[in-house]
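Asks: Whatever this is, show me its structure:
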Amino acid sequence: VQLQASGGGLVQAGGSLRLSCVASGRTFSSYAMGWFRQAPGKEREFVAAVSRGGALTNYADSRKGRFTISRDNAKNTVYLQMNSLTPEDTAIYYCTAGEGDWRLPNDYWGQGTQVTVSS
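Replies: Numbers count the residues shown, from 1 in each chain. Prediction:
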């Protein structure tokens, strides 16, 4: 599966962004989908995941309530709506797909999209 993320950019603190990721290749609905991020000088960390059908979601504790992951299987697309952004959310955000446990899909990775939050 190939993953193409978009929607990153520069936003002021308190603002919102919506990331999108389009998948191509095998049947999209056969993959759990997720988002990870990597801030400068830090390790990659899990952000959110959504189950194959879209009914179940999983979030890192610090993102609950501010971030919402969703998917549209008809469009082969997964989204990450990010609200109330802070400078600590500045990172490269990676779209991922998984064939195993839907709660942590990390078998396939896209190229990443940069999110920068200014104070």
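
Asks: From Ser16, how far off is the nearest residue to Gly25 once chain neighbours are set aside?
Replies: Leaving aside its sequence neighbours, Gly25 sits nearest to Val1 (C-beta to C-beta, 6 or more residues apart in numbering; 4.0 Å). For glycine as for every other residue, the C-beta is placed from the backbone atoms N, C-alpha and C. Distance, Val1 to Ser16, by C-beta to C-beta, to the nearest Å: 28 Å.

Asks: So these two - more neighbours on which side?
Replies: The neighbour comparison of Val1 against Ser16 (other C-beta atoms under 10 Å) goes to Val1, with 19 against 11.

Asks: separation between that one and Trp35?
Replies: Distance of Val1 to Trp35, given as C-beta to C-beta: 15 Å.

Asks: go on, Val78?
Replies: Counting by C-beta to C-beta, the gap from Val78 to Trp35 is 8 Å.

Asks: Which of the two has more residues huddled nearby?
Replies: Per other C-beta under 10 Å, whichever of Val78 and Trp35 has more neighbours is Val78, with 31 against 28.

Asks: Just say helix, strand or coil for the more buried one.
Replies: Here Val78 is strand, with the state taken from DSSP: H, G, I helix; E, B strand; the rest coil.

Asks: Grab the most central residue of this protein for me.
Replies: Trp35 (2.7 Å; C-alpha atoms, centre = their mean).

Asks: Could you look up the SS state of that residue?
Replies: Looking at Trp35 with three-state DSSP, the answer is strand.

Asks: now Pro105
Replies: Going by three-state DSSP: Pro105 is coil.
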